[in-house]
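Asker: Return atomic coordinates for the entry below.
(one chain, ligands or ions: 1)
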Amino acid sequence: MNDALPSTRAAYAPPRPAGSVTLSDVAPRDGLQSIGPFVPTETKVAIIRALYDSGIRRMEIGSFVSPKAIPQMADTAEVLRAALDLPGLECTVLVPNRRGYDMALAAGAHRLGLFMSATESHNRSNLNRTREESFADLATIVRDASARGIALRFNLSTVFHCPFEGVVPEEDAMDWIERIMALDPAMEIALADTTGNASPDQVARLFDRVHRSWGLRFAFHGHDTYGMGVANVYAAYRAGVRIFDSAAGGLGGCPFAPGATGNVATEDVVWLFRRMGVETGVNWAGLLKAADIAATVQGGTPGGRLRGVPAARAA
Ligand code: ZN
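Answerer: Modelled structure (predicted):
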């Protein structure tokens, strides 16, 4: 009877290192932008420095949007200046339109994040224009940036679920992804679960389809609103995704996506990959420090599980 033991053990042997993933921490932008009280510039920079010290080498620093629309992002140029001082850190800023594009170029961002929604009502609510208008405007930016050799990330929001229209039919999502794909075959594209209401099987199915059609060039941006954040990251990973957005301390939300709470927490994602033997380049103790700073920002609603697990904190 005891013969079963060794083979059972063998079946649960620690996994061999299973490659690596790239994490882009979006706490400085997605994490902070919907917080009411203005977060002082030095706090934003402190989060970025702590994340950098933990080994994170890619971040979404801010957004060149109208300060009237999103006052929290009014100091993006200043925050970016501080971030650009950190050697080897890739700094992304979001640009909603041509004006933001010009500002981001002048400020020296490494990568520009474009965004629109896969659903009409969210695009209208978030960007105050139709999807066709957004797409036409962003297409001219992509052409200009591609000609200049500027790195881009095209974020397609509400690709799984929309706060107004519910679960997004996969064919609708595929149609928009195909049009975005055609703009620049080298561009990174992120499929975003803006409301956190995607299900892991849906995430796996859509990434399977896009990978089969266009190769492994997609990123996943997930929220943890319904507690599916880590499960969705895992589903995307199994489907071949190797670039993930997450926010230290699980900060986040979207002022135009009712009910959307925090981004999936970076510390939860790092723990997942650490347990799986997947390299993230992140130092665990350093990351907890950064997550603690992010989680105590005044007016923020922190999330994530791992900060609250004593045994994990000691690991
Ligand atoms: Zn988001």
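
Asker: Check which residues of stretch 237-251 are buried.
Answerer: 237, 239-251 (16 or more other Cβ atoms under 10 Å). No exception for glycine: its C-beta is placed from N, CA and C like everyone else's.

Asker: which SSE is the residue lying closest to residue 64 once chain neighbours are set aside in?
Answerer: If the residues on either side of it in the chain are set aside, residue 64 comes closest to residue 100, at 3.7 Å by Cβ to Cβ, 6 or more residues apart in numbering. Per DSSP states H and E, residue 100 falls inside helix 98-107.

Asker: after that helix comes which helix or strand?
Answerer: Criterion used, DSSP H and E; the element after helix 98-107 is strand 111-117.

Asker: What strands flank that next one, and is each parallel or antiparallel?
Answerer: strand 90-94 (parallel), strand 151-157 (parallel) (DSSP bridges).

Asker: Please export the C-alpha coordinates of the helix holding residue 100 as PDB.
Answerer: Presented in PDB, the C-alpha positions along helix 98-107 are these (Å, rounded to 0.1, in the frame of the first residue of the first chain):
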ATOM      1  CA  ARG A  98      -3.000  63.900 -30.200                       C
ATOM      2  CA  ARG A  99      -2.400  66.600 -27.600                       C
ATOM      3  CA  GLY A 100      -1.400  64.000 -25.000                       C
ATOM      4  CA  TYR A 101       0.800  62.300 -27.600                       C
ATOM      5  CA  ASP A 102       2.800  65.500 -28.200                       C
ATOM      6  CA  MET A 103       3.100  66.100 -24.400                       C
ATOM      7  CA  ALA A 104       4.400  62.500 -23.800                       C
ATOM      8  CA  LEU A 105       6.900  62.800 -26.600                       C
ATOM      9  CA  ALA A 106       8.200  66.100 -25.300                       C
ATOM     10  CA  ALA A 107       8.500  64.600 -21.800                       C
END
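
Asker: And it, what does it pack against?
Answerer: Contacts defined by 3 or more Cβ pairs under 8 Å, 6 or more residues apart in numbering; DSSP states H and E place helix 98-107 against helix 76-84, strand 90-94, strand 111-117, helix 131-148.

Asker: hmm, try it at 7 Å
Answerer: If contacts are counted by 3 or more Cβ pairs under 7 Å, 6 or more residues apart in numbering; DSSP states H and E, helix 98-107 sits against helix 131-148.

Asker: can you give me the strands for this protein?
Answerer: Ranges of strands within the chain are 22-25, 58-63, 90-94, 111-117, 151-157, 161-162, 166-167, 188-193, 218-222, 243-246, based on DSSP state E.

Asker: Can you give me the pLDDT of residue 315?
Answerer: Residue 315 carries a pLDDT value of 87.
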